[in-house]
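*Asks:* Quick one, what's the 3D model for this:
(2 chains)
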Protein chains: 2
Amino acid sequence: MAKPLVVGVDLGGTKVATVVARSDAAIVSRVTRPTEPERGVDAVVDTIIDSVREAVAEAGAKLDDVAGVGVGSPGPLNPETGVVVFAPNLKWHDVPLAAVMRQALGVPVYLENDANLAALGEARYGAGRGSKNMIYITVSTGIGGGLILGGEIYSGSSFVAGEVGHMTITDEDGSPQCGCGNYGCLEALASGPAIARMARELIRHGEETMILDLVHGDIELVTSEVVGRAALAGDAAAIAILGKAADYLGIGIANLVNILNPDTVVIGGGVSRVGEILLKPVREVVAERALKPAFEAVRIVQAELGPDAGVVGAVSLVLSRLRTGAGAGRAGAGN
Amino acid sequence: MAKPLVVGVDLGGTKVATVVARSDAAIVSRVTRPTEPERGVDAVVDTIIDSVREAVAEAGAKLDDVAGVGVGSPGPLNPETGVVVFAPNLKWHDVPLAAVMRQALGVPVYLENDANLAALGEARYGAGRGSKNMIYITVSTGIGGGLILGGEIYSGSSFVAGEVGHMTITDEDGSPQCGCGNYGCLEALASGPAIARMARELIRHGEETMILDLVHGDIELVTSEVVGRAALAGDAAAIAILGKAADYLGIGIANLVNILNPDTVVIGGGVSRVGEILLKPVREVVAERALKPAFEAVRIVQAELGPDAGVVGAVSLVLSRLRTGAGAGRAGAGN
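*Replies:* Alright, predicted model coming up:
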């Protein structure tokens, strides 16, 4: 690589995280700014561009030293044209982010879905190091995912592959409705809000648990994070709730293991921070439900990069594109 | 291609189908022999080798004119070593089929899973022509599948990807048990035997249907093929049974569409012969359950190659390997 640095940007609804990294992905500077999407598209794009300039300056470098910028954005987007098609959290429609950034910075810009980038980051520099076929699942407010097949991001035919949270895993009557409108989706059964809902139900049924103490008696403040804290402190009810979520997650992961026969499944997102309390029962369900030769080929592990997965993934994307030479003719990168 | 012909073999539990084809996959001769696996491994392998010689002779050619032989086999196998690891129907364990055939015929031999080859055949020369990301689902005694991602077979990390029939789609109490031991698998709910079971239940409940007439009153003779015939003749109960199977298939396919965002789903196998009676309700369920940008990218169609999918796939595999030069160093092909 002729130019020594790459930039990774993780555009979220709350904050814009930007890092400058070397060609070994080691981070040399970072800048974090609030997104404040209510300021409008142009202001947010300016924030992103300013963040890149600032992070490069902080690294003691110039834009001339930057080989490329990778940007992770939520929502359906087109990595080939560099356009964010729709990002509900940002209220963005058809924003040609890569082209605008390329224009302002004079550097190739590569756009990719944030979940795909988190997957790539974990595959290259996190819990999935050495994997060839890896599934990344993030369990937080929703359940999303990214697929790394043959070592590269698999985007699908309209760049929306990896929506593992909307897998139907039960058509049992009375299943909770998902945000997507359906019933029986994994996301409606095992996401952070689903875990909080199960906790509130248990509390209302009079179950003895420290969860209520942790929120000073205000049941409306119960979140999956609180349930996780109670579980880590040994609270039996909290552990049982996470076990129930793990049952559902295990079914979803067993399905993915049967379909894609990956070597690694990486579980990230806020809910995964409880570690083995969640992972152990997940593995048990997958062992029970996946076909033997598929189960024997896979390890199921906790994500390692935490909130850095997005920026590390964005850096990985640039390094990968520079290595393969792919994407040089893409709209966002090439002109 | 220097040599003008390729050979495709479809090794099944009942018969060995062998074809000789030109480089445009047009079939110029075919030989079919009973497998009779009870004769033992060596006898079956001899039958395969003889079939290849015979089909080449029938094509008015010599083995010298053959660029390669593709073989589709059931069961877990290793396409890299050319070994059939385990094929329950044949009672085969660790049979180095490609190497033995290569030795006898003096021609490169490529081994692949039969469902993957049917998928490849449909993708190249059948209902999936022009597709890039295609899912093939076969609905017959079991439910199997093959994935074509980026235009090539996706085998997974231990060559067992595509086991779509063992996707859990419900954890409702009372779900029928699957042959794999689990409950709620797609295969247990929508395969041929599941359809026959639903028909027998309806008949026992006194439902008016021509199904019983078609089997001359012997309920034990009810099969999914009979249900299909009744449905094609307009029998309301038979159509309702296939509609129920389509509901389950639709859930499974919606899951695959959300996960893999394919451009094409091809449904083959005996049950698919009823065509739109099955496909129309399947599409409705997928429309309802898959995310919009994923549903809009996919067409769901009936397989076109019928029982030829396997041999056409085997021919496609050889043509593909010769084109890319891949596999030349593989154990089964290279020595």
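
*Asks:* now stretch A:248-260: mean pLDDT?
*Replies:* The average pLDDT within stretch A:248-260 is 98.

*Asks:* Is that stretch positioned near chain B?
*Replies:* Yes: on the criterion C-beta under 8 Å from any C-beta of the partner chain, stretch A:248-260 is in touch with chain B at A:251, A:254-256, A:258-260. Every residue, glycine included, has its C-beta placed from N, CA and C.

*Asks:* Next, the angle from the longest helix anywhere in chain A to helix B:236-260.
*Replies:* Criterion DSSP state H: the longest helix present in chain A is helix A:236-260. Put simply, helix A:236-260 runs at 100 degrees to helix B:236-260, going by axes from the mean of the first three to the mean of the last three C-alpha atoms, to 10 degrees.

*Asks:* Give the buried residues for the helix or strand just after helix A:236-260.
*Replies:* Next along the chain after helix A:236-260, taking DSSP states H and E as the criterion, comes strand A:264-268. Neighbour-count burial for strand A:264-268 flags A:264-268 (criterion: 16 or more other C-beta atoms under 10 Å in any protein chain shown).

*Asks:* now stretch A:75-84
*Replies:* Here stretch A:75-84 shows A:75-80, A:82-84 as buried, counting by 16+ other C-beta under 10 Å.

*Asks:* How about stretch A:35-55?
*Replies:* For stretch A:35-55, using 16+ other C-beta under 10 Å, the buried residues are A:35, A:37, A:41, A:44-45, A:47-49, A:51-55.

*Asks:* mind saving the C-alpha coords of it as PDB?
*Replies:* In PDB, the C-alpha atoms belonging to stretch A:35-55 read as follows (Å, rounded to 0.1, in the frame of the first residue of the first chain):
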ATOM      1  CA  THR A  35     -24.700  12.700  15.200                       C
ATOM      2  CA  GLU A  36     -27.700  14.900  16.000                       C
ATOM      3  CA  PRO A  37     -29.600  13.800  12.900                       C
ATOM      4  CA  GLU A  38     -32.300  16.400  13.600                       C
ATOM      5  CA  ARG A  39     -29.800  19.000  12.200                       C
ATOM      6  CA  GLY A  40     -30.500  17.600   8.700                       C
ATOM      7  CA  VAL A  41     -28.500  15.500   6.200                       C
ATOM      8  CA  ASP A  42     -26.000  18.200   5.200                       C
ATOM      9  CA  ALA A  43     -25.000  19.000   8.700                       C
ATOM     10  CA  VAL A  44     -24.400  15.300   9.500                       C
ATOM     11  CA  VAL A  45     -22.400  14.800   6.400                       C
ATOM     12  CA  ASP A  46     -20.300  17.900   7.300                       C
ATOM     13  CA  THR A  47     -19.800  16.400  10.700                       C
ATOM     14  CA  ILE A  48     -18.500  13.200   9.100                       C
ATOM     15  CA  ILE A  49     -16.200  15.000   6.800                       C
ATOM     16  CA  ASP A  50     -14.900  17.200   9.600                       C
ATOM     17  CA  SER A  51     -14.300  14.200  11.800                       C
ATOM     18  CA  VAL A  52     -12.200  12.600   9.100                       C
ATOM     19  CA  ARG A  53     -10.100  15.700   8.700                       C
ATOM     20  CA  GLU A  54      -9.700  16.000  12.400                       C
ATOM     21  CA  ALA A  55      -8.800  12.400  13.000                       C
END
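
*Asks:* who's in contact with that stretch?
*Replies:* Stretch A:35-55 is touched from outside by A:7, A:9, A:11-16, A:18-20, A:29-31, A:33, A:63, A:69, A:71, A:89-92, A:95, A:97, A:100-101, A:104-105, with contacts defined as C-beta atoms under 8 Å, 6 or more residues apart in numbering or on different chains.

*Asks:* that older thread, tell me which of the buried residues of strand A:264-268 is nearest to residue B:229?
*Replies:* Nearest to residue B:229 among the buried residues of strand A:264-268 is residue A:265, at 43.6 Å by C-beta to C-beta.

*Asks:* give the contact list for the residue of chain A most remote from its centre.
*Replies:* No residue in chain A sits farther from the centre than residue A:206, which is 35.3 Å out by C-alpha atoms, centre = their mean. Contact partners of residue A:206, counting by C-beta under 8 Å, 6+ apart, are absent.

*Asks:* for it, helix, strand, or coil?
*Replies:* Of the three states, residue A:206 takes coil under DSSP: H, G, I helix; E, B strand; the rest coil.

*Asks:* Give me the pLDDT value at it.
*Replies:* For residue A:206, the predicted pLDDT is 92.

*Asks:* Could you do residue A:335 as well?
*Replies:* 34.

*Asks:* Cross the contacts of stretch A:35-55 against strands and list the overlap.
*Replies:* A:7, A:9, A:11, A:15-16, A:18-20, A:29-31, A:33, A:69, A:71, A:92, A:95 (DSSP state E).

*Asks:* Pull out the buried members of those residues.
*Replies:* A:7, A:9, A:11, A:15-16, A:18-20, A:29-31, A:69, A:71, A:92, A:95.

*Asks:* Next, give me the two most distant ones among the buried residues of stretch A:75-84.
*Replies:* Farthest pair in the buried residues of stretch A:75-84, by C-beta to C-beta: A:75 and A:80, 15.7 Å.

*Asks:* about what we covered before: how close does the residue farthest from the centre of chain A get to chain B?
*Replies:* Residue A:206 sits 25 Å away from chain B, going by C-beta to the nearest C-beta, to the nearest Å.
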